[in-house]
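Asks: show me how the following folds:
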Amino acid sequence: MSKTSTTTANSAGKLYFLNPERIAFQAVLDLFNRAMRHESNLYLSGASIHTDIGTELGDHAAKSWSNCEAALDTLLMMPNLSKLLRVTAQNLQRLLPEHITEDFDYQRCFKAFADKSKTLRKSDHGLADQMMDTALIYHVHEANVKLSKLQRVTVTD
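Replies: The predicted structure follows:
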């Protein structure tokens, strides 16, 4: 007689693949990564927006940011979205180009999401990873902003 092990299923909220809100949130994170990569490519190229390559790179970045906004709007319309993901999505909206301000405190946001990731690590590893990814988005976005400021100084000199 073979021994069979019985596994108890987690609640549907904890199973990543059964949670459409988590999947949608991951899509938002992926889109933010793509948008920041496109924006970084524009800045690193040093190309003026008035050149063909600058226009093309700028278009890619603008479309990527537009996709982020649409994905965030869709996520925020989900009725069963957890409070944590709702607040996180609302905070990510503040990184969209039309909402970003000069005095934005990236480090405070990075720390808040990194700390949240640490507290979730034992109870929900998948959500903890998503919170750390969110923290890293703030870190990379801050680097892109600094890079864009450097490029503006270089181009205008």
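
Asks: can you pull up the most central residue in the chain?
Replies: The centroid of the chain falls nearest to L29 when counting by CA atoms, centre = their mean (3.6 Å).

Asks: in space, what's closest to that residue - neighbours in sequence excluded?
Replies: Excluding its sequence neighbours, the residue lying closest to L29 (CB to CB, 6 or more residues apart in numbering) is D133, at 5.0 Å. To be clear about C-beta, it is placed using only N, CA and C from the backbone, and glycine gets the same treatment.

Asks: okay, and that neighbour sits in which element?
Replies: Using DSSP states H and E, D133 maps to helix 125-156.

Asks: swap in I53?
Replies: Assessed by DSSP H and E, I53 sits inside helix 52-76.

Asks: which helices and strands does that helix pack with?
Replies: Packing partners of helix 52-76 (3 or more CB pairs under 8 Å, 6 or more residues apart in numbering; DSSP states H and E): helix 20-45, helix 83-93.

Asks: tell me the buried residues in it?
Replies: Buried residues in helix 52-76, defined by neighbour count with 16 or more other CB atoms under 10 Å: 54, 57-58, 60-61, 64-65, 67-69, 71-72, 75.

Asks: re the thing from before, how about the helices and strands packed on helix 52-76 in CSV, adding mean pLDDT and distance to C109?
Replies: CSV is the format used below for the helices and strands packed on helix 52-76 (pLDDT from 0 to 100; distance: least, CB to CB, whole Å):
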stretch, mean pLDDT, distance to C109
helix 20-45, 92, 13
helix 83-93, 94, 7
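
Asks: I49 and D105, how far apart?
Replies: 28 Å (CB to CB, to the nearest Å).

Asks: with D30 instead?
Replies: Separation of D30 from D105 (CB to CB): 25 Å.

Asks: not counting sequence-adjacent ones, nearest residue to R86?
Replies: Nearest non-adjacent residue to R86, counting by CB to CB, 6+ apart: L76, 6.7 Å away.
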